[in-house]
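K.L.:
pasting the structure only:
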């Protein structure tokens, strides 16, 4: 039955209107474990249903439940309007310009509630490339299913009856591990170019094969992403990089030709042995932390991705006669300014990135009071982890990372003993006194700028 439904709705580059009646799957047929469902999401659907409205868990949460994955977020779709939803919950807030949604808060958990969306009207505001700018048209559940981006995201789960409604063969695509867009790919990408980034993210994260018709237009239509507001691009990139499959997502972006312009010159960095190793290590570490349920700092992640651009410019400034610390700040300014046009980096994230970068030359000062001052830095752990990445990638002598690991873990006398050790140069010999005096002289002149960093 599922295969028959799939054949009826498929067709290369044909717009799908969707069947009026969905495929209905019972608990035995879909196999969703109710224990994986958020109690607060159930509370939202129950409240709406008791008020006389239809309400379902929808989208990525249903997809993950069908894959036996505990969803991170839960979205609810209903035929209630945003105002009607808001009146039913004490902590509910209407947000959004392009399409209004309601955020219902339960402590730290947010349940996003959307009204069934209708067909895009011909008069809906669009830019010159066809991207929909604002669309608050409400409709039926069948119309809402057509508006979903991929078949695997167009299913509706009712916790009360434990049934799944599938309008576009999503369950068959999940079982076949295929990522397929609903409707004509070209038209859907023009409506919202961010869907092309979502193709790469879902394919990499879920390890699904992209349907050929879905993938075909991407390389040609990729420049449309340049017309999307920077804030939306940043949000999507953050989801991609913090998905637990960041490395695979980045590789998928490159494979589909979508990486150009998102992180300028990143493709060049990845073609350089040291840069590729550094970024690979950073993304692998991030993926491991996500899988282990540990917190991940967006500032650290973006600082890692853009470090080799900063490093290249920093070296250029020093070669032109600039002092190291001011040169580093100038390099950071150049890179962050270049990113502002493509990614709306939040001020807090940009500040964290600057702190991490600015600490790096301070780690190379292993004499006097400098190490003790650095221990007091509020971002020490992030800067230290960044230092270890530099050592592991071959950019710095591993001796520096090992020394700082010992210094951080040591007690007072142990730290004093480490400070009396003479640093080793690249040949393993003691650094000459003349070079140490010159280094101390440069440190002294640059110390105020470093402290400001």
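P.N.:
It's in. Quick caveat: nothing in here was measured; it's all calculated off a predicted structure.
K.L.:
Tell me where the model's unsure across the stretch 301-450 of the chain.
P.N.:
Along the stretch 301-450 of the chain, segments meeting pLDDT under 70 span 341-342, 422-450.
K.L.:
same thing but 90
P.N.:
Within the stretch 301-450 of the chain, the stretches with pLDDT under 90 are 305-306, 309, 337-347, 421-450.
K.L.:
cool, the stretch 1-150 of the chain as well?
P.N.:
1-21, 96-100, 118-138.
K.L.:
Strands of that one, start to end?
P.N.:
Counting by DSSP state E, counting those that start in this stretch, the stretch 1-150 of the chain has strands at residues 23-25, 55-58, 74-78, 92-95, 101-106, 109-115.
K.L.:
Can you add distance to residue 389 and mean neighbour count and give these back as JSON lines?
P.N.:
The way it works is simple: take the backbone N, C-alpha and C, and place the C-beta from them, glycine included. Below are the strands of the stretch 1-150 of the chain laid out as JSON lines (distance: least, Cβ to Cβ, whole Å; neighbours: other Cβ atoms under 10 Å):
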{"stretch": "strand 23-25", "distance to residue 389": "46", "mean neighbour count": "18"}
{"stretch": "strand 55-58", "distance to residue 389": "39", "mean neighbour count": "26"}
{"stretch": "strand 74-78", "distance to residue 389": "35", "mean neighbour count": "25"}
{"stretch": "strand 92-95", "distance to residue 389": "37", "mean neighbour count": "14"}
{"stretch": "strand 101-106", "distance to residue 389": "36", "mean neighbour count": "18"}
{"stretch": "strand 109-115", "distance to residue 389": "33", "mean neighbour count": "20"}
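K.L.:
what would these look like in a markdown table with distance to residue 183?
P.N.:
Formatted as a markdown table, the strands of the stretch 1-150 of the chain follow (distance: least, Cβ to Cβ, whole Å):
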| stretch | distance to residue 183 |
| --- | --- |
| strand 23-25 | 18 |
| strand 55-58 | 18 |
| strand 74-78 | 18 |
| strand 92-95 | 27 |
| strand 101-106 | 22 |
| strand 109-115 | 19 |
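K.L.:
Give me the longest helix you can find in this protein.
P.N.:
Counting by DSSP state H, the longest helix found in the chain is helix 298-319.
K.L.:
Could you list every helix and strand in contact with that one?
P.N.:
If you count contacts as 3 or more Cβ pairs under 8 Å, 6 or more residues apart in numbering; DSSP states H and E, helix 298-319 packs onto helix 230-241, helix 266-269, helix 273-291, helix 324-340, helix 347-363, helix 380-392.
K.L.:
Now distance to residue 65 and mean neighbour count too, for these, in a markdown table please.
P.N.:
Formatted as a markdown table, the helices and strands packed on helix 298-319 follow (distance: least, Cβ to Cβ, whole Å; neighbours: other Cβ under 10 Å):
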| stretch | distance to residue 65 | mean neighbour count |
| --- | --- | --- |
| helix 230-241 | 19 | 18 |
| helix 266-269 | 34 | 17 |
| helix 273-291 | 19 | 17 |
| helix 324-340 | 36 | 18 |
| helix 347-363 | 32 | 19 |
| helix 380-392 | 34 | 19 |
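K.L.:
Indicate which one of the strands of the stretch 1-150 of the chain is closest to residue 294.
P.N.:
Set against residue 294 and scored by Cβ to Cβ, the strands of the stretch 1-150 of the chain come closest in strand 109-115, at 19.5 Å.
K.L.:
Show me the domain layout of this structure.
P.N.:
Listed by automatic domain parsing, the domain ranges of the chain are 2-228, 266-452.
K.L.:
Just say which of those is most tucked in.
P.N.:
domain 2-228 (a mean of 18; mean count of other Cβ atoms under 10 Å).
K.L.:
thinking again about what came up before, kindly present the helices and strands packed on helix 298-319 as TSV, with separate columns for distance to residue 105.
P.N.:
As requested, the helices and strands packed on helix 298-319 are exported to TSV (distance: least, Cβ to Cβ, whole Å):
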stretch	distance to residue 105
helix 230-241	19
helix 266-269	36
helix 273-291	24
helix 324-340	31
helix 347-363	22
helix 380-392	29
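K.L.:
among those helices, which is nearest residue 300?
P.N.:
Judging the helices and strands packed on helix 298-319 by Cβ to Cβ, what sits closest to residue 300 is helix 380-392, at 5.1 Å.
K.L.:
Show me where the stretch 101-250 of the chain has its helices.
P.N.:
Under the criterion DSSP state H, counting those that start in this stretch, the stretch 101-250 of the chain contains helices at 141-147, 170-176, 185-191, 194-206, 212-215, 218-221, 230-241, 246-256.
K.L.:
who touches the longest one?
P.N.:
The one in question is helix 194-206. Here helix 194-206 makes contact (Cβ atoms under 8 Å, 6 or more residues apart in numbering) with 67, 149-150, 152, 177, 179, 181, 188-189, 208-210, 214-215, 218, 221-222, 224-225, 228, 232-233, 236-237, 239-240, 243-245, 248-249, 251-253, 255-256, 258.
K.L.:
relative to helix 230-241, how tilted is that helix?
P.N.:
Angle of helix 194-206 versus helix 230-241, following axes from the mean of the first three to the mean of the last three Cα atoms, to 10 degrees, is 10 degrees.
K.L.:
what's the distance between residue 184 and residue 217?
P.N.:
Remark: distance between residue 184 and residue 217 (Cβ to Cβ, to the nearest Å) = 9 Å.
K.L.:
how near is residue 189 to residue 32?
P.N.:
31 Å.
K.L.:
I'd guessed residue 23 sits against residue 170; true?
P.N.:
No: using Cβ atoms under 8 Å, residue 23 is not in contact with residue 170; the gap is 9.1 Å.
K.L.:
residues contacting the residue nearest to residue 138 when sequence neighbours are not counted?
P.N.:
Of all residues not flanking residue 138 in the chain, residue 115 sits nearest, at 5.0 Å (Cβ to Cβ, 6 or more residues apart in numbering). Counting by Cβ under 8 Å, 6+ apart, residue 115 makes contact with 77, 78, 79, 80, 81, 82, 85, 100, 138.
K.L.:
Of the residues you listed, which pair is most distant in space?
P.N.:
Going by Cβ to Cβ, the pair spanning those furthest: 79 and 100, at 14.4 Å.
K.L.:
all helices for the stretch 351-453 of the chain, in order.
P.N.:
Under DSSP H, counting those that start in this stretch, the stretch 351-453 of the chain gives helices at 370-375, 380-392, 398-409, 412-420, 433-452.
K.L.:
And the first one, what does it pack against?
P.N.:
Taking 3+ Cβ pairs under 8 Å, 6+ apart as the contact definition, the neighbouring helices and strands of helix 370-375 are helix 347-363, helix 398-409, helix 412-420.
K.L.:
And the fourth one, by the same measure?
P.N.:
Judged by 3+ Cβ pairs under 8 Å, 6+ apart, the packing partners of helix 412-420 are helix 370-375, helix 398-409.
K.L.:
And residue 384, how close does it get to residue 272?
P.N.:
Between residue 384 and residue 272 the computed distance is 25 Å (Cβ to Cβ).
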